[in-house]
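Colleague: The sequence and its predicted three-dimensional model are supplied below.
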Amino acid sequence: MTRRYWNEEIETLPRADIARLEAGRLPAQLSYLAADSDFFRAKFDQAGLVPEAVKGREELARLPFTEKRELAAAQADGSLIGANLCASLEEVVRIQATGGTTGQPLRIAFTRQDVADYSEMGARALWAAGCRPGEIVLACMNYSLYAGGVSDHMCFETLGAATLPYGVGQSKRLLHMMAGMRDPLAIWATPSYAVRLAEVAAEEGLSPAEIGLAKGYFSGEAGLQVPGYRERIEAAWGLTAADLYGIGELGLHCGECEFRTGFHYASTGLVLTELIDPETAEPLAFQEGAFEEGAVGEFVYTSLRRRACPVLRLRSHDLMQVFTEPCECGRTSFRFKVLGRSDDMFIVKGVNVFPLAVQAALTALQPRLTGEFRILLDQSPPIDTAPRIQVEIARDLPEDALADLAAETQAAIRKGCNFTAAIEPVPQGTIASEKKTRRLYRTYQGETPE
């Protein structure tokens, strides 16, 4: 019998039962936080609550949020983990860090149970994305401290895929190694690295489509959510691309299924997720075990079994649209798509702008533009001048076509995003990199591209 789900008992659980499961695990986790963490005990004191008073989502919403900067501040004095470490160091078996594109890395500890739960969430997401035992996966993520390396690698191993820990860098060596292997291969990388790797292949006289990549699993960036970006990668390599979403503090916990109807939430029973209005911070409706169909808001996470570094109402600052209509794949978890990050949003003359929207506007100008870009904000808010946007131009574009292309790019952004930008063309290969590609730089704060 063909296995349809990684964990059928959980992934097909009725939504009302999911809500009961998560509500049932919440009190024990909150009691653990209050008993073993000065950091989280202060959250209860701030709200004037005791853990026993929190029976479900309604009472949980009375507790204050946790921001990532608070967790980072707890390590500012040189503490290995900080005041939010609940487990003893004798229980800790791994220490990694978040791999965000801004700020200092946040060190995170894992117990054996934490590692197992992280891998369970990842295996659910990867199974949804089409990964199966017997596949050979080239893991081209950063293994240097960040959770996107070892921990996510273990998700593939938990599922049963043969995983090669290649890491980032040495792209030419990687390409020639792949070209010399006869077995079908899969790659796990950021979307922008798949683009950059195809460019390096062309420079080496290799045809990406003939190298033998059959599947691509992509995370770390929102590229595949942009119209045309997935198709570009699939056309270049001749592979099937699947998108994954996760955050380092919790895990690789959401993946697309074969019907591509959004990310399936794969942390059922392990993380309780709220949806809040990002402006008012008030929870959005959650009735009969489900969010309202099509609701838009920010995800807030509370871990239900994490031992070493739990989170309590952690704001993600990721804006999502949630879908609860049944999916043809049969999974009962809610689905969502990523709209952008609230902390990446900037306002130009009263217009809210997200880098994802800019990226979508640029896809219409391919192949003259590669689709890679970065926004440079030289002025602190309020922004009343045209922000600079650097865009990669195709390598074979005639120089006398640059002015017209810059004007077209400016018009495309004005039409798609409703603001005027100052366009700066840069050579192909300038922006897309082997690492997580950052799209927004606040140069007025001293942030500059590497």
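Modeller: Great, that's in hand.
Colleague: On the three-state scheme, L405 is what?
Modeller: helix (DSSP: H, G, I helix; E, B strand; the rest coil).
Colleague: Might one say that S171 is in contact with A198?
Modeller: No. Judged on CB atoms under 8 Å, S171 makes no contact with A198 at a distance of 10.2 Å. The way it works is simple: take the backbone N, C-alpha and C, and place the C-beta from them, glycine included.
Colleague: starting at the chain centroid, how far to the helix or strand of the chain with the lowest mean pLDDT?
Modeller: Counting by mean pLDDT, DSSP states H and E, the chain has its least confident helix or strand at strand 351-353, which shows a mean of 83. Strand 351-353 has its C-alpha centroid displaced from the chain centroid by 22 Å (CA atoms, centre = their mean, to the nearest Å).
Colleague: And the strands in the stretch 51-200 of the chain?
Modeller: For the stretch 51-200 of the chain, strands defined by DSSP state E, counting those that start in this stretch occupy the ranges 92-97, 107-111, 136-139, 162-165, 185-189.
Colleague: do you know which of the ones you listed lies nearest P283?
Modeller: Of all the strands of the stretch 51-200 of the chain, it is strand 107-111 that lies closest to P283, at 26.0 Å by CB to CB.
Colleague: Give me the helices and strands touching the closest one, please.
Modeller: strand 92-97 (3 or more CB pairs under 8 Å, 6 or more residues apart in numbering; DSSP states H and E).
Colleague: which outside residues touch the next helix or strand after the least confident helix or strand of the chain?
Modeller: Using DSSP states H and E, the helix or strand that follows strand 351-353 in sequence is helix 355-362. The contact list for helix 355-362 (CB atoms under 8 Å, 6 or more residues apart in numbering) reads 222-223, 225-227, 229, 338-340, 344, 369, 371, 373, 375, 389, 391, 409, 412-413, 415-417, 421, 439-440.
Colleague: run the last query once more with 6 Å
Modeller: With contacts defined as CB atoms under 6 Å, 6 or more residues apart in numbering, helix 355-362 is touched by 222, 226-227, 340, 344, 369, 371, 373, 412-413, 416-417, 439-440.
Colleague: Leaving out the residues flanking it, which one is nearest to F346?
Modeller: V353 (5.5 Å; CB to CB, 6 or more residues apart in numbering).
Colleague: Near that neighbour, how many other residues are there?
Modeller: 22 (other CB atoms under 10 Å).
Colleague: List the contacts of it.
Modeller: F346, C417, F419.
Colleague: again, but for D114
Modeller: Going by CB under 6 Å, 6+ apart, D114 touches R306, R307, A308.
Colleague: Could you check how far F354 is from I233?
Modeller: Taking CB to CB, to the nearest Å as the measure, F354 falls 21 Å from I233.
Colleague: neighbour count winner among these two?
Modeller: The residue with more neighbours, out of F354 and I233, is I233; 25 against 20, by other CB under 10 Å.
Colleague: E249 - how many residues pack around it?
Modeller: 21.
Colleague: Could you confirm it falls within a strand?
Modeller: No. Assessed with three-state DSSP, E249 is coil; it does not lie in a strand.
Colleague: Next up, phi/psi of the residue nearest to it when sequence neighbours are not counted, please.
Modeller: Once flanking residues are discounted, E249 sits nearest to V311: 5.7 Å by CB to CB, 6+ apart. With angles defined as degrees, to the nearest 10, V311 sits at phi -130, psi 150.
Colleague: Quick one: neighbours of V311, just the number.
Modeller: Using other CB under 10 Å: V311 sits among 22 other residues.
Colleague: Quickly note the distance from the residue nearest to F346 to E204.
Modeller: In terms of CB to CB, V353 sits 37 Å off from E204.
Colleague: Poorly predicted segments of this structure, please.
Modeller: 1, 99-104, 147, 433-435 (pLDDT under 70).
Colleague: which one among the contacts of V353 gets closest to P326?
Modeller: Nearest to P326 among the contacts of V353, with distances taken as CB to CB, is C417, at 33.8 Å.
Colleague: List the buried residues for stretch 227-241?
Modeller: Under the neighbour-count criterion of 16 or more other CB atoms under 10 Å, stretch 227-241 has Y229, R230, R232, I233, E234, A236, W237, L239, T240, A241 buried.
Colleague: Please read the previous query as pertaining to stretch 252-272.
Modeller: 252-257, 261-272.
Colleague: Need the distance between the two termini of it.
Modeller: 15 Å (CA to CA, to the nearest Å).
Colleague: what's the answer for stretch 217-236, then?
Modeller: For stretch 217-236, the end-to-end distance is 15 Å (CA to CA).
Colleague: Going along the chain from the helix of greatest length in the chain, find the next helix or strand for me.
Modeller: Counting by DSSP state H, the longest helix found in the chain is helix 15-36. Downstream of helix 15-36, the first helix or strand assigned by DSSP H and E is helix 38-47.
Colleague: angle of that next one against helix 15-36?
Modeller: In terms of direction (axes from the mean of the first three to the mean of the last three CA atoms, to 10 degrees), helix 38-47 departs from helix 15-36 by 110 degrees.
Colleague: which residues sit against helix 38-47?
Modeller: Contacts of helix 38-47 (CB under 6 Å, 6+ apart): L33, A34, R62, L63, P64, A83, N84, L312.
Colleague: May I have it as PDB, with CA atoms only?
Modeller: Only the C-alpha atoms of helix 38-47 are listed here, as PDB (Å, rounded to 0.1, in the frame of the first residue of the first chain):
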ATOM      1  CA  ASP A  38      12.600  33.700  34.800                       C
ATOM      2  CA  PHE A  39      12.100  35.200  31.400                       C
ATOM      3  CA  PHE A  40       8.600  33.800  30.800                       C
ATOM      4  CA  ARG A  41       7.600  34.000  34.500                       C
ATOM      5  CA  ALA A  42       7.900  37.700  34.000                       C
ATOM      6  CA  LYS A  43       5.400  37.500  31.100                       C
ATOM      7  CA  PHE A  44       2.800  35.900  33.400                       C
ATOM      8  CA  ASP A  45       3.500  38.500  36.100                       C
ATOM      9  CA  GLN A  46       3.100  41.300  33.600                       C
ATOM     10  CA  ALA A  47      -0.400  39.900  32.600                       C
END
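Colleague: Can you list the buried residues in that helix?
Modeller: Those would be F39, F40, K43, F44, for helix 38-47 by 16+ other CB under 10 Å.
Colleague: export the residues you listed to JSON lines and tack on distance to P425?
Modeller: Formatted as JSON lines, the buried residues of helix 38-47 follow (distance: CB to CB, whole Å):
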{"residue": "F39", "distance to P425": "48"}
{"residue": "F40", "distance to P425": "50"}
{"residue": "K43", "distance to P425": "49"}
{"residue": "F44", "distance to P425": "54"}
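Colleague: And these, which is closest to A128?
Modeller: Proximity of these to A128 (CB to CB) peaks at F40, which lies at 31.7 Å.
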